[in-house]
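here's my sequence, what's the structure:
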Amino acid sequence: MTGKIIDILKSGSLMVPKILLTNYKKLKLTEKEVIILIYLINNNEFDPEKISKDLSLDTKDILTLINDLTKKDIIKLNSVTNNNVCEEYISFDELYNKLALTLMENKEEKPTTVFDLFEKEFGRTLSPMEYEIIGGWIEDSFGEEIITLALKEATYNGVSNLRYIDKILYEWQKKGIKSKADIDKQRNTAKNRRSKEEVFEYDWLNE
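Next comes the predicted model:
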């Protein structure tokens, strides 16, 4: 079957929606169903025997796959009568609606792990060594919250390397900082201390 698909690809260009290839599993489609879909999208007519010949599949298998796609609300078989001749055609409206929703969901998806957060902030894929370092922090009992806060601190300071974040984490560990509340408390204490020092050192007599 693969060889036949290659022959079809070589025989002419096919329109293949990228979002279909990257999200077909979310639509719970099988590889065979995707191949059928690609074929149908590029052929306006619905002719099971021709599809069977082109893809080297039994007509029975083709009809089963079409039926499965219909049950999954991916395609819809419609019929139209012209000059007393009934012709069937396939509507892909449901497929495109589902793909549009999937695209919207992808844009709204939030990173699910601390590794995803690092890749989002760094704007690139982490190296195996970086994965190991971050995993080491987690093994050293640094919570994901404090690791994320250290990442944000580094990003705020315009730094995007793990060595800098490592220093932040271990500096916070020395000070007993384990959460955002601890960080806020530490900053407020430092701010108040600086304010008192400024008042104490002010030269009132020479104002």
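
hmm, residue 70 and residue 95 touching each other?
No - applying CB atoms under 8 Å as the test, residue 95 and residue 70 come out as separate, 11.1 Å apart. Glycine gets a C-beta too; all of them are placed from N, C-alpha and C.

between those two, which is the more surrounded one?
Each of residue 95 and residue 70 has its neighbours counted (other CB atoms under 10 Å); residue 95 has more, 23 against 14.

double-check that that one belongs to a helix.
Yes - remark: residue 95 belongs to a helix, assigned using DSSP: H, G, I helix; E, B strand; the rest coil.

how much distance is there from stretch 182-189 to the middle of the chain?
35 Å (CA atoms, centre = their mean, to the nearest Å).

domain ranges for this protein?
What automatic domain parsing lists as the domains of the chain is 2-102, 114-201.

dump those to CSV, plus mean pLDDT.
Below are the domains of the chain laid out as CSV (pLDDT from 0 to 100):
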stretch, mean pLDDT
domain 2-102, 82
domain 114-201, 81
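
mind listing the helices for this structure?
For the chain, the helices defined by DSSP state H occupy 2-11, 18-23, 31-41, 48-55, 59-71, 93-108, 114-122, 128-139, 144-156, 162-174, 180-201.

residue 84 is nearest to which of those helices?
Comparison of these against residue 84 by CB to CB identifies helix 48-55 as nearest, at 21.8 Å.

what residues sit buried inside that closest one?
48, 51-52, 54-55 (16 or more other CB atoms under 10 Å).

now swap in stretch 156-176 and tell me
Residues of stretch 156-176 classed as buried by neighbour count (16+ other CB under 10 Å): 162, 165-166, 168-169, 172.

which one of the buried residues of helix 48-55 is nearest to residue 64?
residue 48 (10.5 Å).

distance of that closest one relative to residue 183?
Noted for residue 48: a distance of 65 Å to residue 183, by CB to CB, to the nearest Å.

ok so, going back, any chance of the buried residues of helix 48-55 in a markdown table with distance to residue 89 as columns?
A markdown table is the format used below for the buried residues of helix 48-55 (distance: CB to CB, whole Å):
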| residue | distance to residue 89 |
| --- | --- |
| 48 | 13 |
| 51 | 14 |
| 52 | 18 |
| 54 | 18 |
| 55 | 19 |
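
ok, so of these, who is nearest residue 38?
Closest to residue 38 out of those is residue 55 (10.3 Å), distances taken as CB to CB.

distance of that closest one relative to residue 37?
Using CB to CB, residue 55 is found at 12 Å from residue 37.

need the contact list for the nearest residue to residue 87 once chain neighbours are set aside.
Of all residues not flanking residue 87 in the chain, residue 80 sits nearest, at 5.7 Å (CB to CB, 6 or more residues apart in numbering). Residues in contact with residue 80 (CB atoms under 8 Å, 6 or more residues apart in numbering) are 86-87, 89.

at 10 Å instead, please
86-89 (CB atoms under 10 Å, 6 or more residues apart in numbering).
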